[in-house]
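Asks: just the structure for this:
(one chain, ligands or ions: 1)
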Amino acid sequence: MKFFQKVLYYFFMINEVIFFVICRKIPNSRFEQASALVGTRLYFFGGLTSQVVTNEVWYLDLSNSFNTTTPPWRSDIGMPVGYILGSSCVNPINNCSILLIGGKMYIPHTLYKTYSSCVYMFNPCISQWTISNLIGFNRTFIARSEMQAIIDNNGRIFIFSGKYYNSSVLFDDMNILDITTMTWSTPPISQNVPIPRLGYTATLLQNDLIVYIGGYGTPQISMNEV
Ligand SMILES: *[C@@H]1O[C@H](CO)[C@@H](O)[C@H](O)[C@H]1NC(C)=O
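Replies: This is a model prediction of the structure:
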C-alpha cells in the first residue's frame, strides 16, 4: 500500500512538472510562419527563429479570455518538416483538418532542405500529421513561396503565382488541389491573367469569386487593379 501511495505521489508530482513545463513555455520569436483558426484554437506552424527554421506547432485556446501580456501558449506535435513562407487553409468539409501548402521546408533541426512533399495535413483533434500522395503534382510548385492559398467550400485549393524561394522569377500560373481526391491541376489561364506577384492578399467571396489585391510584381501593382 505504501509503495502504491509513493507511486501515486510521484505520478502527480511528474504531472505537475510536465504541466508547468508544457503550459508555461513561451515560443521563441519567429517570422514567416503560417496560422490557421480551427474551432476555438488559433494554430501557428513553423517560422524562422534565430537562424533556424522550426517545425514547432503552437496554439492559443480562445475559448476563454486571457490577459494578452501572458498568452496561454500550448505546444502541439511538431510538423514533419521545418516550415516557412507557405500558406494554410482549413478543410471546409470536416471544418477540422489544416492543410499547409507550398513553402520552404527543412529536415527538422538541420540546415538541409527537403521537398518530399508540398502538402502537409494536420488533424488537431488527434494531433496527427499526414503526408498525402498528390496525383498529377506540378513539380514547378516545389518550394513555392510568398503566395496565399484559398480553399472553396468544395475543398478545392487555389494558389496564384508566387516564386521558387530563392529565385526572382515569378510564376503566372494557377495551381489547384482538390483535397477530396488529392488531385493537382495547373489549368491554362489565357484571359486577363493578373500580373504575377508575391505577398498579395486573396479573399474568397460568398459568390465563389477570389479577389486578388496588391502584392509585389513588375510592373508595380496598383491597388486599383482588382
Ligand atoms: C495583465 O497583466 C499585467 C501584467 O501582469 C497586469 O499589469 C495587468 O493589470 C493585467 N490586465 C488585466 C486586465 O488583468
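Asks: the strand or helix carrying residue 75: how far from the chain's middle?
Replies: If you go by DSSP states H and E, residue 75 is part of strand 73-76. Centroid separation for strand 73-76 versus its chain: 16 Å, with C-alpha atoms, centre = their mean, to the nearest Å.
Asks: quick one: low-confidence parts of the protein?
Replies: Residues of the chain that meet the criterion pLDDT under 70 lie in 1-4, 7-24.
Asks: for residue 165, the count of nearby residues, please.
Replies: Other residues lying near residue 165 total 17 when counted by other C-beta atoms under 10 Å. No exception for glycine: its C-beta is placed from N, CA and C like everyone else's.
Asks: ranges for the helices of the chain?
Replies: Secondary structure of the chain (DSSP state H): helices at 2-23.
Asks: what pairs with the strand holding residue 75, parallel or antiparallel?
Replies: If you go by DSSP bridges, strand 73-76 pairs up with strand 52-61 (antiparallel).
Asks: and the contacts of the strand it pairs with?
Replies: 27-28, 30, 40-48, 66, 71-84, 104-106, 108-109, 122, 124 (C-beta atoms under 8 Å, 6 or more residues apart in numbering).
Asks: stretch 62-79 too?
Replies: With C-beta under 8 Å, 6+ apart as the test, stretch 62-79 has contacts from 22-23, 25-27, 40-43, 45-46, 55-61, 100, 108, 120, 122, 124, 127-129.
Asks: same thing but 10 Å
Replies: Stretch 62-79 has contacts (C-beta atoms under 10 Å, 6 or more residues apart in numbering) with 22-27, 34, 37, 39-46, 54-61, 100, 105, 108-109, 120, 122, 124, 126-129.
Asks: narrow the contacts of strand 52-61 to just the buried residues.
Replies: Burial by neighbour count, 16 or more other C-beta atoms under 10 Å: within the contacts of strand 52-61 this picks out 27, 30, 41, 43-48, 73, 76, 78-84, 104-106, 108, 122, 124.
Asks: in strands, which of those fall?
Replies: Among these, DSSP state E puts 41, 43-48, 73, 76, 82-84, 104-106, 122 in strands.
Asks: pick the one among the residues you listed closest to residue 174.
Replies: Proximity of those to residue 174, judged by C-beta to C-beta, is greatest for residue 104, which lies at 20.8 Å.
Asks: just the CA atoms of stretch 35-43, as CSV, please.
Replies: Output of stretch 35-43 as CSV, limited to C-alpha atoms (Å, rounded to 0.1, in the frame of the first residue of the first chain):
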residue,chain,number,x,y,z
SER,A,35,-1.5,30.2,-39.0
ALA,A,36,-5.0,28.7,-39.0
LEU,A,37,-8.1,29.0,-36.8
VAL,A,38,-9.9,25.8,-36.1
GLY,A,39,-12.9,26.0,-33.7
THR,A,40,-11.5,28.0,-30.8
ARG,A,41,-7.9,27.1,-31.4
LEU,A,42,-5.6,29.5,-33.2
TYR,A,43,-2.6,27.4,-34.5
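Asks: OK, contacts around residue 48?
Replies: Taking C-beta under 10 Å, 6+ apart, one finds 29, 30, 31, 32, 33, 54, 82, 83, 84, 85, 104 in contact with residue 48.
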